[in-house]
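Novice: A predicted structure for the sequence below; I have some questions about it.
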Amino acid sequence: MRINFCSKLRSPASLHTGFPKLAASHPNRRASVAAGAREIMTTTPQKPLIVVGSVNADLVLPIDRLPKPGETLAAASIETVPGGKGANQAAAAARSGYPTFFIGQFGKDDPNAALLRSALLGCGVDLSHAQDVAGPCGTALILLQAGGENSIIIVGGANQAAWSLSDGVKQLLSCAGAVLLQREIPESVNIEVAQLAKAAGVPVVLDAGGVEGPIAPELLSCLTVLSPNETELARLTGLPTDTEDQVRAAAEQLMSAGVQSVLVKLGSEGSLLLPGQGQTAIRQQAIKAPEVLDTTGAGDCFTATYAVAVLEGKAAPQALQFASAAASLCVRRMGAMTSLPSRGEVEELLAAQQ
Ligand SMILES: Nc1ncnc2c1ncn2[C@@H]1O[C@H](COP(=O)(O)OP(=O)(O)OP(=O)(O)O)[C@@H](O)[C@H]1O
């Protein structure tokens, strides 16, 4: 069943999500906006997070080494697990207990589509606006070599097939709390979605992961938050990102290209948020994991839970802490979607930090 959220929710002008207002220059303004958002959240339904992006079947083959040209090797096993940055981020947001729609495309002739749908539904993601298209699902063949090195072959499949945004999706976008994008679907779709959201006053977050290469200026100019890791930041700007000062300078260059704020993921070193032009950067250390088992999907978990926390009215430092706790839990377990923590687990870890 498709729910008409717009009819149930306050207009964008009257619901103060933290995104655009966090850029306000007066420090008290941020606190009052966060408090105002919390007050509204207790009395009205939450505006949903809309994740538009990729969903992949990850076929994982453990091998001793890569085959040479012309050689045939045996893999010890084959496992199919749900993945794709869009799906991972939608799952992370929904596992945090926030109402989340995933707008993505499944290959209707692909038996893996059922597995992917069921994994997302199991995390609480609303798939009522997802599409089935001809051909295979997006698929990643992951050659997992002894020693932990990965070699990956991606089949774009349904993620890269033609997209057509229905009227229902357009309506949903116009009354969302925020829209979350990545770079594993055609850039033209991201541009269309971002422009629709921006026109409706809906914050747009882009995780820079996915395809390499420059981001179109018309997409950059729609972004409330751009979130690269340090490698993506270096590629996007052509600047070094080896030191914190260099990271800051590169992030500032992105802001001068039209992005409102930049959230850089620094792996085990944590993250750095530049909240807006002329505002002080906020540094968040990673929350140390007793044992790091698998960092796959940590970035997806971090970006999505940061978006959730801001939508819930948390001020930027608390939103960063929330996302760091979620990502820290994620690296303690194997897998991407399978390692995403629940809301309760995140809150328990945050409480233990105090
Ligand atoms: N070893 C770790 N211990 C604790 N937290 C971690 C660790 N690695 C990553 N994190 C958390 O996860 C966040 C995102 O990680 P990272 O910077 O590796 O993202 P990414 O490169 O986009 O990841 P991926 O592409 O694997 O999804 C970090 O900002 C940090 O909070």
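Specialist: The structure has been received and is ready for your questions. Numbers count the residues shown, from 1 in each chain.

Novice: Residue 324 is in contact with residue 283, isn't it?
Specialist: No. With contact defined as C-beta atoms under 8 Å, residue 324 does not reach residue 283; the gap is 11.2 Å. For the C-beta atoms, the positions are set from N, CA and C on the backbone; glycine is no exception.

Novice: If you count surrounding residues, which of the two has more?
Specialist: The neighbour comparison of residue 324 against residue 283 (other C-beta atoms under 10 Å) goes to residue 324, with 23 against 15.

Novice: Enumerate every residue touching that one.
Specialist: Applying C-beta atoms under 8 Å, 6 or more residues apart in numbering to residue 324 gives the contacts 270, 271, 284, 285, 286, 287, 302.

Novice: What ranges in this structure fall below the confidence cut-off?
Specialist: For the chain, the stretches with pLDDT under 70 are 1-18, 20-44.

Novice: redo that, cut-off 90
Specialist: Within the chain, the segments meeting pLDDT under 90 span 1-45, 144-152, 212, 278, 293-296, 334-336, 354.

Novice: interface residues of it facing the ligand?
Specialist: 209, 229, 265-268, 270-271, 286-287, 289, 292, 295-300, 302, 324, 327-328, 331 (C-beta under 6 Å from any ligand atom).

Novice: Now the buried members of these.
Specialist: Buried members of those, scored by 16 or more other C-beta atoms under 10 Å, are 209, 229, 265-266, 270-271, 286-287, 289, 296-300, 302, 324, 327-328, 331.

Novice: tell me the phi and psi of the closest residue to the ligand within the chain?
Specialist: Nearest to the ligand, among the residues of the chain, is residue 299, at 2.0 Å (C-beta to the nearest ligand atom). With angles defined as degrees, to the nearest 10, residue 299 sits at phi -70, psi -40.

Novice: still on that earlier bit, so which of the buried ones among the residues of the chain next to the ligand belong to strands?
Specialist: The strands, defined by DSSP state E, take in 209, 265, 271 from these.

Novice: distance of the first one from residue 123?
Specialist: Translated: residue 209. 19 Å (C-beta to C-beta, to the nearest Å).

Novice: Residue 131 now?
Specialist: 19 Å.

Novice: isn't residue 314 right next to residue 323, touching?
Specialist: No. The pair residue 314 / residue 323 is not scored as a contact, 9.8 Å apart, by C-beta under 8 Å.

Novice: all helices of the stretch 201-350 of the chain, in order?
Specialist: Remark: helices assigned in the stretch 201-350 of the chain by DSSP state H, counting those that start in this stretch are 217-220, 230-237, 244-256, 298-311, 316-330, 343-353.

Novice: Nearest to residue 107, out of those?
Specialist: Closest of the helices of the stretch 201-350 of the chain to residue 107 is helix 298-311, at 21.2 Å (criterion: C-beta to C-beta).

Novice: what angle sits between that closest one and helix 343-353?
Specialist: Comparing the axes of helix 298-311 and helix 343-353 via axes from the mean of the first three to the mean of the last three C-alpha atoms, to 10 degrees yields an angle of 90 degrees.

Novice: For helix 298-311, output the C-alpha coordinates as CSV.
Specialist: Below are the C-alpha coordinates for helix 298-311, written out as CSV (Å, rounded to 0.1, in the frame of the first residue of the first chain):
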residue,chain,number,x,y,z
ALA,A,298,30.8,1.3,7.8
GLY,A,299,30.7,4.4,5.6
ASP,A,300,27.2,3.6,4.4
CYS,A,301,26.1,3.1,8.0
PHE,A,302,27.8,6.3,9.1
THR,A,303,26.2,8.6,6.4
ALA,A,304,22.7,7.1,6.9
THR,A,305,22.7,7.3,10.7
TYR,A,306,24.1,10.8,10.6
ALA,A,307,21.2,11.8,8.3
VAL,A,308,18.7,10.1,10.7
ALA,A,309,20.2,11.8,13.8
VAL,A,310,19.9,15.3,12.1
LEU,A,311,16.4,14.5,11.0
